[in-house]
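Peer 1: Sequence plus predicted model, see below.
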Amino acid sequence: MMPQHSLSLPSPNPPPFSITVERSTIRPGENITVTLQASSSLDQFKGFLLEARDTVGPGVDPTASWGSFSLLQPNISQLLHCGGQQGSGVSHTSGSRKRQVHALWECPRDSPERVQFFATVVQRYKVFWVQIPGPVLTITGTTGVSTTPGVITPTTAPALSTALSSEGCGHTKSCLREPAGCSPEADQGCVFLSFSADNSGDSVLFELSGPAEGYVAFALSLDKWMGKDDVYLCIKDEDSVNIHAAYVLGRTHPELAQEEVLRDKASAVSNGVLQCSFLRHDRQPLISSDRALITGPPVDLSGSRSPLIIKIHAVMMLVALMWFVSTGVLFARHYKNMWPNVLPRGERLWFQVHRGLMLLAVGLICVAFTLPFLYRGGWSKRAGGHPYMGCTVLALCVLQPIMAVLRPAPDSPRRYLFNLGHRMTGTLVQIVAVVCIYLGFQQQALLLRGPGVSGALLGWLLCILLSDLALQLNGMPSSASITN
């Protein structure tokens, strides 16, 4: 632990720096925060090296480091990999002045009975202290001593001491819940995330819960897009639970962090509910309606998995296809012989209603068609057949008014071709629209799955068919030609 940039000897004066830990005992696999700090604001330091070493193990190399560190301040600290061991020490990244440094140390599975932290601190180029002794940690539940420190492997998060609760939401901690106001302790279907900062504001405690068979996770983002965001995953592996930090560059699978940056990990699995420090679900992300500063005052957030722009898209499409198109078609088929003497602007009333509703439908569909592209920033590759059906509906709907503008005169011998093509295209629009709506209900960005949604779509279809049949039986036969 001797600096190699100076021929000077370590300072003989007492070091104005100290090492502190959160507690004096630890179990294998657990994490603890280690802090190197100056005694006063005048005693800042530029460089440091922090390690954990065995104190009593027989036959153990006294220079060998034990356990592994994770970074809590990656802007000023970095991990060292000495002796083939990952994260065996923590050091500085630059010569900037520092008053304190925090790091996370994980106790290895093959830990000795006690370990002690040591630090080398460089105040100036020729003023430094070597192997400043720190506190001794007592390791409980050890399985024996190894002659060489172990290699880092995924560790199971310790069990939660108490079940997660919604108590304090909006008062002592911020919460995001679905359904709104649900409680993870009472509702197994509750998707729950809470976060609260400690008194110093340097650390944030996350509590997460949700029904899952394999994993749950969540991301921290400055916007509503998955890209360049931190992701935290809680993964169930048979009888164990592993918690990882990850990163996503875009709409891709997260890449696990190379270094462990999480601490105080805990988990529980009961009745299909996975609870741990971090959460993710293989669904559209649950997005809070407002931004929240995770180190700020507690707030009780509301959120939705369906972005507002997608909801607007769905409403506009449903109004256009289920209301305007269906009503316009019924008027064209069954009301041509009604109100023969009512001629607003010189044209039959049924034609005015049919044309107005269809033009409104085309306008709404064109506007609604652009919204998913604005939301996704391009074509959605994970939406299945829905966007293809949507493009087909748009093309057919635009084709209809073009055909109407170019239609032959009522007495033209080719008029029947227009009548046949116009009716067939309209019928095809309705068929494709049903498929498109059904596929749209299955999209993750809308999440309208379930028997109730399918029942509503089936009810609409029956309503249209029964209305058409009732009008036929009521003595209002459909006309075979369009006279306008």
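Peer 2: That came in fine, so what should we check first?
Peer 1: Identify the single longest strand in the chain, thanks.
Peer 2: In the chain, assigned by DSSP state E, the strand with the most residues is strand 127-139.
Peer 1: who does that strand pair up with?
Peer 2: In the sheet containing strand 127-139, the strands it pairs with under DSSP bridges are strand 25-26 (parallel), strand 114-124 (antiparallel).
Peer 1: possible to save the ones you listed as CSV with mean neighbour count and distance to Glu207?
Peer 2: The C-beta positions use only the backbone N, C-alpha and C, and glycine is treated the same way. Putting the strands paired with strand 127-139 into CSV (neighbours: other Cβ atoms under 10 Å; distance: least, Cβ to Cβ, whole Å) gives the following:
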stretch, mean neighbour count, distance to Glu207
strand 25-26, 17, 22
strand 114-124, 21, 29
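Peer 1: count of neighbours near the nearest residue to Gly134 once chain neighbours are set aside?
Peer 2: Take Gly134 and drop its neighbours on the chain: the residue closest to it by Cβ to Cβ, 6 or more residues apart in numbering is Ile19, 3.0 Å away. Ile19 sits with 19 neighbouring residues when counted by other Cβ atoms under 10 Å.
Peer 1: Show the secondary-structure elements that the host helix or strand of Ile19 is packed against.
Peer 2: Taking DSSP states H and E as the definition, one finds Ile19 inside strand 17-21. Taking 3 or more Cβ pairs under 8 Å, 6 or more residues apart in numbering; DSSP states H and E as contact, the helices and strands that strand 17-21 lies on are strand 31-38, strand 114-124, strand 127-139.
Peer 1: ok, and what's touching the first one?
Peer 2: Read it as strand 31-38. For strand 31-38, the surrounding residues in contact (Cβ atoms under 8 Å, 6 or more residues apart in numbering) are 16-23, 26, 44-45, 48, 50, 52, 69-70, 72, 98-107, 117, 119, 121, 134, 137, 203, 262-265.
Peer 1: For the stretch 201-350 of the chain, just list every one of the helices.
Peer 2: Using DSSP state H, counting those that start in this stretch, the helices assigned to the stretch 201-350 of the chain run over residues 308-318, 326-334, 349-376.
Peer 1: Adjacent strands (with direction) for the helix or strand of the chain with the lowest mean pLDDT?
Peer 2: The helix or strand of the chain with the lowest confidence, counting by mean pLDDT, DSSP states H and E, is strand 303-304 at a mean of 72. Note on strand 303-304: by DSSP bridges, its sheet partners are strand 287-288 (antiparallel).
Peer 1: Averaged pLDDT, the strand it pairs with. What do you get?
Peer 2: The predicted model assigns strand 287-288 a mean pLDDT of 76.
Peer 1: Equivalent analysis for stretch 129-146, please.
Peer 2: Stretch 129-146 comes out with an average pLDDT of 76.
Peer 1: Use 57 as the first number from now on
Peer 2: Taking 57 as the first residue, the last one we looked at is stretch 185-202.
Peer 1: Any chance you could list what contacts the least confident helix or strand of the chain?
Peer 2: Judged by Cβ under 8 Å, 6+ apart, the contacts made with strand 359-360 from elsewhere in the structure are Leu232, Arg233, Glu234, Leu342, Ile343, Ser344, Ser345.
Peer 1: Contact partners for the closest residue to the last one other than its chain neighbours?
Peer 2: What it means is Ser345. Here the nearest residue to Ser345 in space, its sequence neighbours aside, is Ser358; by Cβ to Cβ, 6+ apart that works out to 5.1 Å. Contact criterion Cβ under 8 Å, 6+ apart gives Leu232, Ala236, Ser344, Ser345 as the residues in contact with Ser358.
Peer 1: For PyMOL, write a command that selects the buried ones of the residues you listed.
Peer 2: A single PyMOL command selects the buried members of these (16 or more other Cβ atoms under 10 Å):
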select buried, resi 232+344
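Peer 1: Quick one: mean pLDDT for the next helix or strand after the longest strand of the chain?
Peer 2: Per DSSP H and E, strand 183-195 leads on to strand 230-234 as the next helix or strand towards the C-terminus. For strand 230-234, the per-residue pLDDT values average out at 92.
Peer 1: is it true that Val297 touches Ser323?
Peer 2: Yes - in terms of Cβ atoms under 8 Å, Val297 counts as a neighbour of Ser323; the distance is 3.9 Å.
Peer 1: Pull up the per-residue confidence for the residue sitting furthest away from the middle of the chain.
Peer 2: Relative to the C-alpha centroid of the chain, counting by Cα atoms, centre = their mean, Asp467 is the outermost residue, at 61.7 Å. Asp467 carries a pLDDT score of 86 in this model.
Peer 1: ditto for Arg389
Peer 2: Per-residue confidence at Arg389 stands at 82 (pLDDT).
Peer 1: One more: Arg505?
Peer 2: Note on Arg505: pLDDT of 59.
Peer 1: what's the answer for Pro443, then?
Peer 2: Predicted confidence (pLDDT) for Pro443: 90.
Peer 1: can you check Pro70 too?
Peer 2: The per-residue pLDDT reported for Pro70 equals 89.
Peer 1: what do you get for Ala451?
Peer 2: 93.
Peer 1: tell me the SS of it?
Peer 2: The local conformation at Ala451, judged by DSSP: H, G, I helix; E, B strand; the rest coil, is helix.
Peer 1: and stretch 94-109, which residues are buried?
Peer 2: Ala94, Phe101, Lys102, Gly103, Phe104, Leu105, Leu106, Glu107, Ala108, Arg109.
Peer 1: from the chain's centre, how far out does the helix or strand Leu521 falls within sit?
Peer 2: According to DSSP H and E, Leu521 maps onto helix 507-529. Shown here is helix 507-529, whose average C-alpha point lies 38 Å from the average C-alpha point of the whole chain (Cα atoms, centre = their mean, to the nearest Å).
Peer 1: Just the buried positions in stretch 486-496, please.
Peer 2: In stretch 486-496, the ones that count as buried by 16+ other Cβ under 10 Å are Gln486, Val488, Ala489, Val490, Cys492, Ile493, Leu495, Gly496.
Peer 1: So what touches that stretch?
Peer 2: Residues lying outside stretch 486-496 but in contact with it, judged by Cβ under 8 Å, 6+ apart, are 370, 373-374, 377-378, 381-382, 385, 440-442, 445-446, 448-449, 452, 502, 504, 510, 513, 517.
Peer 1: Also stretch 70-86?
Peer 2: 88-96, 99, 101, 106, 162-167, 173-175, 177, 179, 185, 188-199, 211-212, 214.
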